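Visitor: 3D, please:
(4 chains)
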Protein chains: 2
Amino acid sequence: MPRPREFDEERVVAAIRQVFWDKGYAATSVDDLMRASGLGKGSLYGAFGDKHQLFLRVLREYNDTNDRMLRERLASVPQAIDFVREFAHGPSRDSTGASAQRGCLLANSTAELATSMPDVAAEARRSYDATAGILTEAIERAQCEGDVDPGVDAGEVAYAVLAAQLGVVALGRTGMGVEALASAAESALTRLLPSPGR
Amino acid sequence: MPRPREFDEERVVAAIRQVFWDKGYAATSVDDLMRASGLGKGSLYGAFGDKHQLFLRVLREYNDTNDRMLRERLASVPQAIDFVREFAHGPSRDSTGASAQRGCLLANSTAELATSMPDVAAEARRSYDATAGILTEAIERAQCEGDVDPGVDAGEVAYAVLAAQLGVVALGRTGMGVEALASAAESALTRLLPSPGR
DNA sequence: CGCGTTGCTGACCAGTCAGGCCAGAATTCA
DNA sequence: TGAATTCTGGCCTGACTGGTCAGCAACGCG
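Guide: Okay, the predicted model is just below:
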């Protein structure tokens, strides 16, 4: 009975995510979102609510996707520690450094909005806690398998690893070279996760 | 012969820094700056140029002050390593967590603006490099005095320490408790800067 | 073939934005 | 005192903001 949607919701959200990611929340106008999504203002507001709700939706999907990807990778790779290393290199996986400079949508958003938008701060905290949880499991598994010194407190170190990774991402936003970023990440990781044969 | 300034430039810059710090760049209107500084639009534009120039000036002074403070502390304290530890706790030095949640003006600005304002990215990189340099010296001194394992590459570890600190500050913006932040920072620091007796 | 329900479109709103401008006040020197 | 100069703060502009809404279009059901 109703007229069906003419747009692919997923594609729209993806397009809008790119804009928020590149420009930040406040600097993104609804006009930008209209142009990126190809939708009219009415459609946008009808489907997603206002700018704030739309942003939160984008952010939540981004976080969920990241968490899912992280969990999948850590479950399938026997040497979880290797992935944790790779993970700590953050977004600097391409050699151009372009994606490294783009940074992380969650980290950027939190830095910009945590003060003025409590729900963004809460979402960030939820996501970081989830990441730390996944990391903790991976580290514990690595300890069982003898890849990490069993003497360290996995939960505590997980937050330290998360912080180091966040810091590397933050440094990446300045346009620092990917080699320097990788070196800092590698240096942090090898010390935060000492192998048992030390 | 000219009419002298009626306002204290330093106080004005300080007031404006607070606004930018709390609200971010894009969300701060020139009206906000006028109200915070008590100046009219003409005075503001005459003395500092447009919003962008004003922001850059605030950011540069903020960074210079931080660098100077860091250098002073590290020069006067015999056990540099202790201060590095303290430094890594970042802005979480009050128990309320309010300043921890406010974060760091430089980190916030970089996350918000690095993509769209290359001069902000450049200033951030300059400041981070300066911080890393200061840290490197402090770590080397600590190595000479036997407080840090002389086997580690001070320059490399300095960036790892900087990253860890930046990450802790980023976590702090989510409203995470100061104890958790301090624990993560402490955990990162003791592992990044191992004492030689081990 | 209507009819009800929903989606789409674009015009429109009041409010805010950054920035330019200027008349007059304030200050100094001659 | 008068001339020169600069500061000051309000006013103006016109572009843009996020958001609303009335009217039209497309669909399935009866």
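
Visitor: please make it C-alpha for all contacts and neighbour counts, starting now.
Guide: Fine.

Visitor: where do the helices of chain A begin and end?
Guide: Shown for chain A, the helices assigned by DSSP state H span residues A:9-23, A:30-37, A:41-48, A:51-76, A:80-88, A:98-102, A:105-113, A:118-144, A:154-172, A:178-192.

Visitor: between the helix or strand of chain A with the lowest mean pLDDT and helix A:118-144, how many degrees?
Guide: One helix or strand of chain A scores below all others by mean pLDDT, DSSP states H and E: helix A:80-88, with a mean of 72. Calculated by axes from the mean of the first three to the mean of the last three CA atoms, to 10 degrees, helix A:80-88 forms an angle of 150 degrees with helix A:118-144.

Visitor: shaky segments in chain A?
Guide: Low-confidence segments of chain A (pLDDT under 70): A:1-4, A:77-79, A:88-96, A:197-198.

Visitor: try it again with 80
Guide: Scanning chain A for pLDDT under 80 picks out A:1-7, A:75-98, A:197-198.

Visitor: per-domain residue ranges of it.
Guide: A:1-49, A:62-192 (automatic domain parsing).

Visitor: out of those, nearest to DNA strand C?
Guide: The closest of the domains of chain A to DNA strand C is domain A:1-49. By CA to the nearest atom of the strand, the value is 3.2 Å.

Visitor: pretty sure A:S127 contacts A:N63?
Guide: Yes: here A:S127 reaches A:N63: they are 6.4 Å apart, a contact under CA atoms under 8 Å.

Visitor: neighbour count winner among the two?
Guide: Using other CA atoms under 10 Å in any protein chain shown as the criterion, A:S127 and A:N63 rank with A:N63 on top: 21 against 18.

Visitor: how far does the least confident helix or strand of chain A sit from the chain's center?
Guide: On the basis of CA atoms, centre = their mean, to the nearest Å, helix A:80-88 sits 15 Å off its chain's mean C-alpha point.

Visitor: as a markdown table, the domains of chain A with distance to DNA strand D would be great.
Guide: Shown next, in a markdown table, are the domains of chain A (distance: least, CA to the nearest atom of the strand, whole Å):
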| stretch | distance to DNA strand D |
| --- | --- |
| domain A:1-49 | 3 |
| domain A:62-192 | 13 |
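
Visitor: out of those domains, which is the most enclosed?
Guide: Highest mean neighbour count among those (mean count of other CA atoms under 10 Å in any protein chain shown): domain A:62-192, with a mean of 21.

Visitor: quick one: that one to chain centroid distance?
Guide: What separates the centre of domain A:62-192 from the centre of its chain is 8 Å, taken as CA atoms, centre = their mean.

Visitor: please apply the same query to stretch A:14-31.
Guide: So, by CA atoms, centre = their mean, the centroid of stretch A:14-31 is 16 Å from its chain's centroid.

Visitor: just stretch A:33-46 next, same as before
Guide: Offset of stretch A:33-46 from its chain centre (CA atoms, centre = their mean): 26 Å.

Visitor: show residues contacting that stretch.
Guide: The contact list for stretch A:33-46, computed with CA atoms under 8 Å, 6 or more residues apart in numbering or on different chains, reads A:R11, A:V12, A:V13, A:A15, A:I16, A:V19, A:V30, A:D31, A:K51.

Visitor: hmm, 6 Å instead?
Guide: A:V12, A:A15, A:I16 (CA atoms under 6 Å, 6 or more residues apart in numbering or on different chains).

Visitor: contacts for the least confident helix or strand of chain A next, please.
Guide: So helix A:80-88 is contacted by A:L74, A:A138, A:Q165, A:A185 (CA under 6 Å, 6+ apart).

Visitor: and chain A, which residues reach chain B?
Guide: By CA under 6 Å from any CA of the partner chain, the residues of chain A that approach chain B are A:26-27, A:108, A:111-112, A:121, A:125, A:159-160, A:163-164, A:166-168, A:174, A:184, A:188, A:191-192.

Visitor: if you set the cut-off to 7 Å instead, what comes out?
Guide: Selection of chain A residues close to chain B by CA under 7 Å from any CA of the partner chain yields A:22-24, A:26-27, A:102, A:108, A:110-112, A:114-116, A:121-122, A:124-125, A:156-157, A:159-160, A:163-168, A:170, A:173-175, A:184-185, A:187-188, A:191-192.

Visitor: got a list of what A:G155 touches?
Guide: By CA atoms under 7 Å, 6 or more residues apart in numbering or on different chains, A:G155 lies in contact with A:T136.

Visitor: and if you look at A:A158?
Guide: With CA under 7 Å, 6+ apart, A:A158 has these contacts: A:A132, A:L135, A:T136.

Visitor: that older thread, any chance of the contacts of helix A:80-88 in TSV, with distance to DNA strand C too?
Guide: Below are the contacts of helix A:80-88 laid out as TSV (distance: CA to the nearest atom of the strand, whole Å):
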residue	distance to DNA strand C
A:L74	38
A:A138	42
A:Q165	33
A:A185	37
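
Visitor: out of those residues, flag the one nearest to B:F7.
Guide: Taking CA to CA as the measure, B:F7 lies nearest A:Q165 of the contacts of helix A:80-88, at 43.8 Å.
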